[in-house]
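Visitor: Generate a structure from the sequence data that follows.
(one chain, ligands or ions: 1)
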Amino acid sequence: MDQSIRKNNKNQINIVLNHRKKESVPPPPQKILTENVATKHDMLRQVEEEMGRLVGMEDLKKIIKEIYAWIYVNKKRQEMGLKAEKQVLHMLFKGNPGTGKTTVARIIGKLLFQMNVLSKGHLIEAERADLVGEYIGHTAQKTRELIKKAMGGILFVDEAYSLARGGEKDFGKEAIDTLVKHMEDKQHDFVLILAGYSREMNHFLSLNPGLQSRFPFIVEFPDYTVNQLIEIGRRMYEEREYQLSREAEWKLRDHLNAVKYSSGLTSFSNGRYVRNIVEKSVRSQAMRLLSQDSYDKFDLLTISGSDLECDEEPPIL
Ligand SMILES: Nc1ncnc2c1ncn2[C@@H]1O[C@H](COP(=O)(O)OP(=O)(O)OP(=O)(O)O)[C@@H](O)[C@H]1O
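Guide: Numbering: from 1, shown residues only. Sure thing, here's the model as predicted:
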């Protein structure tokens, strides 16, 4: 089997596998190609499966596929002796709490590990206190140590704008400078993701001109609709082998409608809020069953309306 690259009239690259016999040439690298194609399908399937477990995020699912295609085709180009672009994968994640930023960062780490782009694919989560020190030189040292831990994986800095909190005189500035230096010098050894609320992130980027252009991927994580939150809840129950009774689902819907539109978008923690409700209801169901004389498999599976503690004032999360 031989392989050639052709461009079609839309300038798309097609990798063509030609089946033809050649007697005098050495055996073609059939095995390697077959393996690559198989691995490609496996990796893509795994990632799509993981992303498929997440509700919504259609744009993001497309971006992840794009990253996959980009890396894959670059590898193919390299194999054929063509120029391959150096891949910089640093990212900005903008969105309210609980919109899935950390979850997605973890999935991306796994993907980049499977694709041999990162040697470990692990996620180091950090916030201001992990990066900023108390005296001159301390911050650069702390930040460098954290970057060292993230080598081969992802450094995920949550509420990144808090680094700019104290202005020019604050040690946070030193953390930003150190991050910027390393994201350039070690751009292929780790991926930096700066995350936080959209509004604050935009303000932060406006204060640090030149920062945004260092991040080829900017991803917005919108707030979930009530229907999406219900679906997230349903999947969380399913994973734990529980189900909501019809009454419970209505109660949850009413509650989410009330909370989402009363607390204002910045104080509502989307998926995490639902996860808290799910976990609390599982404990309440256990307490209810404990007080009953008997119960069957259906009872063990089902979360009833009374298990959902949604009557109280919505907590500010
Ligand atoms: N689209 C989704 N589908 C299913 N579950 C989700 C989705 N988005 C978030 N979740 C769940 O919500 C919870 C919170 O998500 P996660 O920690 O990723 O949010 P976050 O944006 O990183 O929050 P924060 O910025 O406050 O740290 C997790 O349990 C996660 O699995």
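Visitor: where does the stretch 101-250 of the chain have low pLDDT?
Guide: The stretch 101-250 of the chain contains residues with pLDDT under 70 at 167-169.
Visitor: interface residues of it facing the ligand?
Guide: 101, 102, 103, 158, 232, 235 (Cβ under 6 Å from any ligand atom). Using the backbone N, CA and C atoms, a C-beta is placed for each residue, glycine as well.
Visitor: Neighbours of residue 58, how many?
Guide: 8 (other Cβ atoms under 10 Å).
Visitor: Let me see the contact set for residue 146.
Guide: 124, 126, 130, 131, 155 (Cβ atoms under 8 Å, 6 or more residues apart in numbering).
Visitor: so how far is the ligand from the second one?
Guide: As defined by Cβ to the nearest ligand atom, to the nearest Å, residue 126 lies at a distance of 12 Å from the ligand.
Visitor: How about the third one?
Guide: Distance, residue 130 to the ligand, using Cβ to the nearest ligand atom: 14 Å.
Visitor: coming back round to it: quick check on the contacts of residue 146: which are buried?
Guide: Neighbour counting by 16 or more other Cβ atoms under 10 Å classes 124, 126, 130, 131, 155 among the contacts of residue 146 as buried.
Visitor: can you list contacts of stretch 89-97?
Guide: Applying Cβ under 8 Å, 6+ apart, the contact partners of stretch 89-97 are 67, 101, 104-105, 108, 112, 117, 183, 187, 191-198, 201-202, 205, 212, 214-223, 265-266, 268-270, 272, 317.
Visitor: Residue 63 is in contact with residue 220, isn't it?
Guide: No - using Cβ atoms under 8 Å, residue 63 makes no contact with residue 220, being 10.5 Å away.
Visitor: all helices for the stretch 201-317 of the chain, in order.
Guide: In the stretch 201-317 of the chain, the segments counted as helices under DSSP state H, counting those that start in this stretch are 226-239, 246-262, 270-290, 297-301.
Visitor: Identify the residue nearest the residue nearest the centre of the chain in space, chain neighbours excluded?
Guide: Compute the mean C-alpha point of the chain, and by Cα atoms, centre = their mean the closest residue is residue 104, 1.2 Å away. Closest residue to residue 104 apart from its sequence neighbours, by Cβ to Cβ, 6 or more residues apart in numbering: residue 60 at 6.4 Å.
Visitor: go on, residue 86?
Guide: residue 188 (7.0 Å).
Visitor: how many other residues sit next to the one you found?
Guide: There are 12 residues near residue 188, going by other Cβ under 10 Å.
Visitor: Burial check on the closest residue to the ligand within the chain, number of neighbours?
Guide: In the chain, the residue that lies nearest the ligand is residue 271 (2.3 Å; Cβ to the nearest ligand atom). By other Cβ under 10 Å, 21 other residues sit near residue 271.
Visitor: do residue 68 as well
Guide: Neighbour tally, residue 68, other Cβ under 10 Å: 19.
Visitor: residues in contact with it?
Guide: Applying Cβ under 8 Å, 6+ apart to residue 68 gives the contacts 43, 44, 47, 111, 115.
Visitor: Quick check: the residue nearest to the centre of the chain touching residue 59?
Guide: No - assessed by Cβ under 8 Å, residue 104 is found out of contact with residue 59, at 11.4 Å.
Visitor: joint contacts of those two?
Guide: With Cβ under 8 Å, 6+ apart, residue 104 and residue 59 have common neighbours residue 219.
Visitor: hang on, the earlier thing: for the contacts of residue 146, name the two members farthest from one another.
Guide: Largest separation among these by Cβ to Cβ: 124 and 131, giving 11.1 Å.
Visitor: follow-up on the earlier one: please say which of residue 63 and residue 220 ends up with more neighbours.
Guide: Each of residue 63 and residue 220 has its neighbours counted (other Cβ under 10 Å); residue 63 has more, 17 against 13.
Visitor: Just say helix, strand or coil for that one.
Guide: Of the three states, residue 63 takes helix under DSSP: H, G, I helix; E, B strand; the rest coil.
Visitor: just residue 155 next, same as before
Guide: Assigned by three-state DSSP, the conformation of residue 155 is strand.
Visitor: was I right about it contacting residue 192?
Guide: Yes - counting by Cβ under 8 Å, residue 155 touches residue 192, with 5.2 Å between them.
Visitor: end to end, how far does stretch 120-137 reach?
Guide: By Cα to Cα, to the nearest Å, the extent of stretch 120-137 from end to end equals 29 Å.
Visitor: Surely residue 217 and residue 62 touch.
Guide: No - applying Cβ under 8 Å, one finds residue 217 not in contact with residue 62, separated by 11.9 Å.
Visitor: With neighbour numbers in mind, choose between the two.
Guide: residue 217 (18 against 10).
Visitor: Any idea what that one is bridged to?
Guide: Listed beta-bridge partners, residue 217: residue 91 (assigned using DSSP bridges).
Visitor: before we move on, back to that, pull the contacting residues for the residue of the chain closest to the ligand.
Guide: Here residue 271 is in contact with 98, 99, 100, 103, 224, 229, 232 (Cβ under 8 Å, 6+ apart).
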